[in-house]
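Participant: how would this look folded up:
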Amino acid sequence: MADERTAIVVGGGIGGLTAAVALGVRGWDVAVLEQATSLEPVGAGIALAPNAVRALDTLGLGDAVRDLAALQGPVGLRRPDGRWLVRADASMVGPEPTVLLHRSQLVDLLRGALPDDAVRLGVRVASVDPGGSTERATVRTAATAGGDEEEIAADVVVAADGIDSPVRTTLFPRHPGPAYSGVTAWRFVTPEPVEVEPAETWGRGSVVGLTPLADGRVYCYLTATMPEGTVFQDEVGELQRRFGHWHPPLRALLDDLDPTTLLHHDLRWLKDPLPRYDVGRVALLGDAAHAMTPNLGQGGAQAIEDAVVLAASLRATPTSGAVIPPALAAYSAARKGRTQRVARMSAQVGAATTWRAPMLVHARDLAMRAVGSWLLPRAAQRLDWILDWRPPVA
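Facilitator: Numbering: from 1, shown residues only. Okay, the predicted model is just below:
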């Protein structure tokens, strides 16, 4: 049809799927190209702060997320021996709860909001021509065992292809790419329900987080400062060595851990920000645009925000003429300052968890015990500008 608007989303993660849903709601014909052969997400649990849930509300998915998720309850900070440094109710950090769920639940929900034929798996994008005011963008796919190379034209291309985004490298060849934060992380979800008190535990250059999910299983993340690229032949054994003497029930969780379910990734981020998130008819979002450390729990939330802002920026865009690049430039202008500020703050918040010197760690823990309950709500006020975000009005 002459008025049909077409979009290609490169990447089938949370940001890419949300972008596909958001554009589809606004009448775009969307195809998602994902190089993996399944949409089983890389990751375990995910926390969606109120800003992310509000964004999903605009797509009619907010209530479904709330129904699937556990609401954040009491929060706290502990020492490795189990002693509490600070305990607080979640209401101290804001009136609206953060919801907690498994990433696969969110991916399934987003996929279910798309047409059956919208997602193509096992398709690797080899190159992208961003087009311009009068030329459509073009995506070229690599040949696969079951098919030939393809060249697909679209009015808009959304690059949601992750922290090592090939599209970003093509569009910004001089950008240095992601930088190592100095911290590596392991993540897993327990196979069975476990009763735990939700908390983070801070040690010397290490953190453990225990987060109950709605079905009673527990999402656990563990971090340590070490050289980039460090690997271990026995990952579970290394975790038992590092964390097995910490407070219960950590040792029991590690003893029951299936190594095939354990994820291990170095934490990287785009320390050098991109100058913009658009080139021609291509827009970058999520980790491809502004990968950040997980210390604020905002990586997925910012990708979801990106998606609904992008779709709103394109809501009145026709298929031809010179209006698409300016619409994408408006999206970039709306998102660049906010997301890069979140990324910087996330890196700053994580700094105290990397301290290893005994004197510094002792002083940090004393300070948290002395003023933690007073400090927590005041520190949360610094996050109001993130959590109070409202999506664009349709």
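Participant: who does Leu263 form a beta bridge with?
Facilitator: Arg187 (DSSP bridges).
Participant: measure it to Glu40 for me?
Facilitator: To Glu40, Leu263 is 12 Å away according to C-beta to C-beta, to the nearest Å. Yep, even glycine has a C-beta here, placed from its N, CA and C like the rest.
Participant: quick one, which of those two is more surrounded?
Facilitator: For Leu263 versus Glu40, neighbours defined as other C-beta atoms under 10 Å are more numerous around Leu263 (14 against 10).
Participant: looks like Asp129 contacts Arg136 (just checking).
Facilitator: No: using C-beta atoms under 8 Å, Asp129 is not in contact with Arg136; the gap is 9.0 Å.
Participant: what's the overlap in contacts for those two?
Facilitator: The contact sets of Asp129 and Arg136 do not overlap (C-beta atoms under 8 Å, 6 or more residues apart in numbering).
Participant: who touches Asp63 in this structure?
Facilitator: Taking C-beta under 8 Å, 6+ apart as the criterion, Asp63 is in contact with Asp57.
Participant: report the secondary structure state of it.
Facilitator: helix (DSSP: H, G, I helix; E, B strand; the rest coil).
Participant: quick check, pLDDT for it.
Facilitator: On pLDDT, Asp63 comes in at 95.
Participant: how close does it get to Val21?
Facilitator: 15 Å.
Participant: if I look at Ala214, how far off is Val65?
Facilitator: Remark: distance between Ala214 and Val65 (C-beta to C-beta) = 11 Å.
Participant: the two: which is more packed in?
Facilitator: Val65 (19 against 15).
Participant: just give the closest residue to the more buried one, not the sequence neighbours.
Facilitator: Leaving out its chain neighbours, the residue that sits closest to Val65 by C-beta to C-beta, 6 or more residues apart in numbering is Leu56, at 5.6 Å.
Participant: list the helices and strands the helix or strand hosting the one you found packs on?
Facilitator: Element membership of Leu56, judged by DSSP states H and E, is helix 50-57. Here helix 50-57 is seen to pack against helix 62-68, helix 299-313, helix 384-387 when contacts are counted using 3 or more C-beta pairs under 8 Å, 6 or more residues apart in numbering; DSSP states H and E.
Participant: now that helix against helix 299-313, angle please.
Facilitator: Interaxial angle, helix 50-57 versus helix 299-313 (axes from the mean of the first three to the mean of the last three C-alpha atoms, to 10 degrees): 40 degrees.
Participant: can you give me the neighbour number for Leu262?
Facilitator: 17.
Participant: chain neighbours aside, what residue packs nearest to it?
Facilitator: Distance criterion C-beta to C-beta, 6+ apart; nearest residue to Leu262, sequence neighbours excluded, is Phe188 at 5.0 Å.
Participant: so how far is Leu213 from the one you found?
Facilitator: Taking C-beta to C-beta, one finds Phe188 at 12 Å from Leu213.
Participant: shared neighbours, those two?
Facilitator: Joint contacts of Phe188 and Leu213 (C-beta under 8 Å, 6+ apart) are Tyr219.
Participant: my read is that Val208 contacts Gly244, right?
Facilitator: No: at 11.2 Å, Val208 does not count as touching Gly244 under the criterion of C-beta under 8 Å.
Participant: point to the residue nearest the middle of this protein.
Facilitator: Gly300 (2.8 Å; C-alpha atoms, centre = their mean).
Participant: was I right to think that residue contacts Leu48?
Facilitator: Yes: counting by C-beta under 8 Å, Leu48 is a contact partner of Gly300 at 6.9 Å.
Participant: so which residues of the stretch 1-150 of the chain form helices?
Facilitator: 14-25, 50-57, 62-68, 103-112 (DSSP state H, counting those that start in this stretch).
Participant: so which of those helices is the most packed in?
Facilitator: helix 14-25 (a mean of 27; mean count of other C-beta atoms under 10 Å).
Participant: show me what that one is packed against.
Facilitator: strand 6-10, strand 29-34, helix 103-112, strand 156-159, helix 299-313.
Participant: kindly format the C-alpha coordinates of the helix holding Leu56 as PDB.
Facilitator: This file holds the C-alpha atoms of helix 50-57, laid out as PDB (Å, rounded to 0.1, in the frame of the first residue of the first chain):
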ATOM      1  CA  PRO A  50       8.300   2.900  37.700                       C
ATOM      2  CA  ASN A  51       9.600   4.800  34.700                       C
ATOM      3  CA  ALA A  52       9.900   1.600  32.700                       C
ATOM      4  CA  VAL A  53       6.500   0.300  33.700                       C
ATOM      5  CA  ARG A  54       4.900   3.600  32.700                       C
ATOM      6  CA  ALA A  55       6.500   3.300  29.300                       C
ATOM      7  CA  LEU A  56       5.000  -0.200  29.000                       C
ATOM      8  CA  ASP A  57       1.600   1.200  30.000                       C
END
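Participant: overlap in contacts of Gly300 and Leu48?
Facilitator: The contact sets of Gly300 and Leu48 overlap at Leu106 (C-beta under 8 Å, 6+ apart).
Participant: strands of the stretch 251-394 of the chain, start to end?
Facilitator: 263-269, 278-279, 282-284 (DSSP state E, counting those that start in this stretch).
Participant: what's the closest of those to Glu150?
Facilitator: strand 282-284 (17.4 Å; C-beta to C-beta).
Participant: what pairs with that closest one, parallel or antiparallel?
Facilitator: According to DSSP bridges, strand 282-284 forms sheet pairs with strand 156-159 (parallel), strand 278-279 (antiparallel).
Participant: quick one: which of those strands is nearest Val119?
Facilitator: Comparing these by C-beta to C-beta, strand 156-159 comes nearest, at 13.4 Å.
Participant: buried ones in the very next helix or strand once past that closest one, by neighbour count?
Facilitator: Using DSSP H and E, the helix or strand that follows strand 156-159 in sequence is helix 166-171. By 16 or more other C-beta atoms under 10 Å, the buried positions in helix 166-171 come out as Pro166, Val167, Arg168, Thr170, Leu171.
Participant: from the residues you listed, which is closest to Asp384?
Facilitator: Checking those against Asp384 with C-beta to C-beta, the nearest one is Arg168 at 30.7 Å.
Participant: look up the closest residue to the closest one, ignoring the ones flanking it.
Facilitator: With C-beta to C-beta, 6+ apart as the measure, Ala288 is the residue that lies nearest to Arg168, at 5.2 Å, once sequence neighbours are left out.
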